[in-house]
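[1] Need a 3D model of the following:
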Amino acid sequence: MMLYTVRFLCSVVAAFARLVRELRKAIAAMAASSAMMSPIPSAPKTAAVSPVGLIATTPLPLRKKALATVTIPEMKLLTALAPPPQVVAPDVEVEQQMDSKRRRKADWLAGRRPSRLVLPVADDAGEVAAGWGAAAAAVKEADVEVEGEGFWVASRAGPRHAMEDAYSVITGKNGGDSQLAFYGVFDGHGGRAAVDFVSQWLGNNVVSAVLAAEGAATTRDDGASSAEAEHDAVSAAIRAAYLATDSELLAKHQGASGGVCAATALVKNGDLYVAHLGDCRAVLSHDGGAAAALTADHTCAAEGERERIERGGGYVSRSGSGVWRVQGSLAVSRSFGDCGLKQWVVAEPAVTRVPLVAGCEFLVIASDGLWDKVSNQEAVDVVSRSGNAAAAAASAGRSCAELVELARRRGSRDDVTVMVIDLERFVR
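    Numbering: from 1, shown residues only. Below you'll find the model as predicted:
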């Protein structure tokens, strides 16, 4: 087997050698015939042609000389057409080149560099008008903790904007009645103008209206008792005071977009009258710490409120966050102000009367910054954790601050205002 393989390889090599010899003979014949037919003088005898006709076999010095004889006339022509060279000193030439580079760089930078900005220095009034002051005001707001005659308040501004919560208290002898008192918590939106006005005037309007209605008719045509007539008169006076305050607000701040939610409590002759607009809430603690809500939030999610708005020609839509809003704008359906939505966002409050009897302990009134994160029963538990009403009232001030802190820990970014009112002092 090995012998056959060697013989085969030898035959292949011999055939390849014969092929190469024949190829060289053919190339030589073609070169000779082309040289006889061409008018161009033949190359010198020393120049031979390579077998493949691509690489000249002329020695290197002869190739250089032949190339020079062909290209020199072209070089002379180019030199004749070109302008005479300028003689420049080496140092001057280098300096000119550097200047030219610097000029090109300066022009390039000038084209890329924007014009210089001149920033005016605004005063404080300009910053507030532009909205900068509002963002900084929330940081400057200090926590509020107030202890009064039978009531306690704690309040803290949210981090998003300036403080828009407020409260109001009227106690002592009012019209000769030492048992008449007014308490209120207010939650503004769209600025402080509306909440400042309502917190200043609503309490006075309510007290004045109630005192004016005190001498109303003692009986009604349907034979109702004088007590029931008085209760109805007080409730009607509170509603009238709410509507009158709203009208005064709209007249004073025409075109203002802000509004106010409110929850108020009026104590008169051993009865508690709770009125509210929006999502502020009042919760009663009774019989050893049981929570009872005395208000129902006025929101667009409530079926009755939605029907009322649609009957008036408005609409309620749900935002991307899942909140129902009047005309796609306001989340509450009742409030003070909000003049642009006044056709549907009314200021008529819901009024609830509760007789102050044994077992009524205290009342918690707060803005929605608390109720969004803390339930009714949790709020009552924080105030009454000591286990008895007297001790709960004594620690109510600390409890208000604890509720504010609890809402903040749970993620509330809204303003939070909490008021606790001792009701046992009014029980007869």
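
[2] okay, CA-based contacts and neighbour counts for the rest of this
    Noted.

[3] Assign residue 206 to helix, strand or coil.
    At residue 206, secondary structure determined by DSSP: H, G, I helix; E, B strand; the rest coil is helix.

[4] Count the residues that sit near it.
    Counted with other Cα atoms under 10 Å, the burial measure for residue 206 works out to 23 neighbours.

[5] Am I right that it is in contact with residue 238?
    Yes: using Cα atoms under 8 Å as the test, residue 206 is close enough to residue 238 to be in contact (5.5 Å).

[6] Residue ranges in the stretch 151-300 of the chain under the pLDDT threshold?
    In the predicted model, the stretch 151-300 of the chain carries pLDDT under 70 at residues 173-178, 215-225.

[7] can you pull out the helices in it?
    When assigned using DSSP state H, counting those that start in this stretch, the helices of the stretch 151-300 of the chain occupy the ranges 193-213, 226-252.

[8] what packs against the longest one?
    The helices and strands touching helix 226-252, judged by 3 or more Cα pairs under 8 Å, 6 or more residues apart in numbering; DSSP states H and E, are helix 193-213, strand 336-337, strand 350-355.

[9] So which residues make contact with the host helix or strand of residue 310?
    In this structure, residue 310 sits in helix 303-311 according to DSSP states H and E. Residues external to helix 303-311 that are found in contact with it (Cα atoms under 8 Å, 6 or more residues apart in numbering): 298, 299, 300, 315, 316, 326, 333, 344, 345.

[10] Tell me which helix or strand comes right after it.
    Later in the chain than helix 303-311, the nearest helix or strand by DSSP H and E is strand 316-318.

[11] Quick check: mean pLDDT of that following strand?
    On average, the pLDDT along strand 316-318 is 87.

[12] who's in contact with the closest residue to residue 368 other than its chain neighbours?
    Counting by Cα to Cα, 6 or more residues apart in numbering, the nearest residue to residue 368 once its immediate chain neighbours are dropped is residue 280, at 5.4 Å. Contact criterion Cα under 8 Å, 6+ apart gives 185, 186, 187, 261, 262, 263, 297, 365, 366, 367, 368 as the residues in contact with residue 280.

[13] same thing but 6 Å
    Contacts were defined as Cα atoms under 6 Å, 6 or more residues apart in numbering; by that measure residue 280 touches 262, 263, 366, 367, 368.

[14] doesn't residue 186 make contact with the first one?
    By that I understand residue 262. Yes: assessed by Cα atoms under 6 Å, residue 262 is found in contact with residue 186 at 4.5 Å.

[15] So these two - more neighbours on which side?
    With other Cα under 10 Å as the criterion, residue 262 and residue 186 differ in neighbour count, and residue 262 comes out ahead with 32 against 28.

[16] In contact with the more buried one, which residues?
    With Cα under 6 Å, 6+ apart as the criterion, the residues that contact residue 262 are 185, 186, 276, 277, 280.

[17] just those residues now: which is nearest residue 227?
    Ranked by distance to residue 227 (Cα to Cα), the contacts of residue 262 are led by residue 276 at 23.2 Å.

[18] Quick check: the closest one vs residue 261, distance?
    Residue 276 sits 8 Å away from residue 261 when distances are taken as Cα to Cα, to the nearest Å.

[19] And for residue 375?
    Between residue 375 and residue 261 the distance, using Cα to Cα, works out to 19 Å.

[20] These two: which is more packed in?
    Under the criterion of other Cα under 10 Å, the comparison of residue 375 against residue 261 puts residue 261 first, with 28 against 12.

[21] Look up the residues forming beta bridges with the more buried one.
    Residue 261 has these beta-bridge partners by DSSP bridges: residue 187.

[22] what residues are up against it?
    Listed by Cα under 6 Å, 6+ apart, the contact set of residue 261 reads 186, 187, 277, 278, 335.

[23] if you set the cut-off to 7 Å instead, what comes out?
    With contacts defined as Cα atoms under 7 Å, 6 or more residues apart in numbering, the neighbours of residue 261 are 186, 187, 188, 277, 278, 279, 280, 335, 336.

[24] Narrow those residues to just the buried residues.
    A residue is treated as buried here by neighbour count (16 or more other Cα atoms under 10 Å); on that basis the buried members of the contacts of residue 261 are 186, 187, 188, 277, 278, 279, 280, 335, 336.

[25] Report the rounded mean pLDDT for the longest helix along the chain.
    Once the chain is assigned using DSSP state H, the helix that runs over the most residues is helix 2-37. Confidence over helix 2-37 (mean pLDDT, whole number) is 74.

[26] Look up the residues forming beta bridges with the closest residue to residue 169 other than its chain neighbours.
    Here the nearest residue to residue 169 in space, its sequence neighbours aside, is residue 183; by Cα to Cα, 6+ apart that works out to 4.6 Å. Note on residue 183: beta-bridge partners residue 169, residue 265, judged by DSSP bridges.

[27] contacting residues around residue 183?
    Taking Cα under 7 Å, 6+ apart as the contact definition, residue 183 lies against 168, 169, 170, 264, 265, 266.

[28] do residue 170 as well
    When the contact criterion is Cα under 7 Å, 6+ apart, the partners of residue 170 are 181, 182, 183.

[29] Switch those over to TSV; also include distance to residue 29.
    Shown next, in TSV, are those (distance: Cα to Cα, whole Å):
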residue	distance to residue 29
181	133
182	130
183	126
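
[30] Ramachandran coordinates for the residue nearest to residue 368?
    Phi and psi for residue 280, reported as degrees, to the nearest 10, are phi -70, psi 150.

[31] any idea how far it is from residue 208?
    When Cα to Cα is applied, the distance between residue 280 and residue 208 equals 23 Å.

[32] Same question for residue 251.
    Residue 251 is 20 Å from residue 208, where distance means Cα to Cα.

[33] Of these two, give the one with the bigger neighbour count.
    Counted by other Cα under 10 Å, residue 251 and residue 208 do not tie: residue 208 has more neighbours, with 16 against 13.

[34] tell me how far the ends of stretch 249-266 are from each other?
    One end of stretch 249-266 sits 21 Å from the other (Cα to Cα).
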